[in-house]
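*Asks:* give me a model of this one.
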Amino acid sequence: MIHAGFVPGKYRDEEARKLMAAGLREQANKMVAEDLMERAAVSQPYIDSVIASMRELAVHAEKAGVRLGLETRYYLGEIPMLDEWATIFEAVGSPALGYWHDAGHAHTMEFLGVADHEDYLKAYGDRLIGMHLHDSIGASDHRALGRGQIDFGKIVEYTGPETALVLEIHGQASAAEVVRSRELLKGIIK
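*Replies:* Okay, the predicted model is just below:
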């Protein structure tokens with residue numbers, strides 16, 4: 001799983017999240033849209049850098065028989081955004097490069113009005129390598145499964161027998177909640 005860097009800028013993610021949580025969706029959507037427009041205007045050199053790095057890494061990954069997964073990101077400045085994966089995959093042109101889905105990050109992007117959670121899986125599910133599974137309420141992620149708003153039954157429909165499923169639950173969950181998360185996951189995987 002790879003965090004591919006970011007496009008420098010002054011992003012107002014935290015402010016937008018607070019506005020969303022306060023029910024000021026229109027104001028937050030405007031702020032996010034403005035930030036994304038500014039990002040798009042300067043992003044190409046950074047996307048090109050990611051492509052160059054992924055090309056180099058993919059050669060080694062292919063030789064080693066491993067796959068690299070670009071992960072769904074949490075912040076507006078991070079690479080890649082939903083439409084950028086297609087550009088990167090096409091330019092790199094290697095089967096070693098795939099998609100790593102982070103459930104909480106995709107949910108956060110939906111919360112911010114950037115893209116629907118399932119849009120990521122619909123677009124790149126055929127390249128899915130693995131998933132970080134954790135629940136989320138709004139933009140508060142890394143919660144135990146069943147402690148948030150994510151429909152894991154829908155998400156795991158995109159997985160196959162080779163898909164790595166990783167519970168990525170942070171310190172706010174008790175050991176019992178982690179065990180319940182694992183059992184919930186076992187119950188929905190077909």
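*Asks:* every contact and neighbour count from this point should use C-alpha atoms.
*Replies:* OK.
*Asks:* could you pull up the residues touching the spatially most central residue of the chain?
*Replies:* Nearest to the mean C-alpha position of the chain, counting by Cα atoms, centre = their mean, stands Thr72 at 1.8 Å. Going by Cα atoms under 8 Å, 6 or more residues apart in numbering, Thr72 touches 80-81, 100-102, 105-106.
*Asks:* and Ile79, how far is that from Ile2?
*Replies:* Distance of Ile79 to Ile2, computed by Cα to Cα, to the nearest Å: 10 Å.
*Asks:* returning to that earlier point: and the contacts of Thr72, which is closest to Asp35?
*Replies:* Met81 (12.7 Å; Cα to Cα).
*Asks:* report the secondary structure state of the closest one.
*Replies:* coil (DSSP: H, G, I helix; E, B strand; the rest coil).
*Asks:* tell me the contacts of it?
*Replies:* Counting by Cα under 8 Å, 6+ apart, the residues that Met81 touches are 72-73.
*Asks:* check what pLDDT it gets.
*Replies:* pLDDT, Met81: 95.
*Asks:* same check on Arg143?
*Replies:* The confidence metric pLDDT takes the value 91 at Arg143.
*Asks:* and His3, how many neighbours?
*Replies:* When counting by other Cα atoms under 10 Å, one arrives at 14 neighbours for His3.
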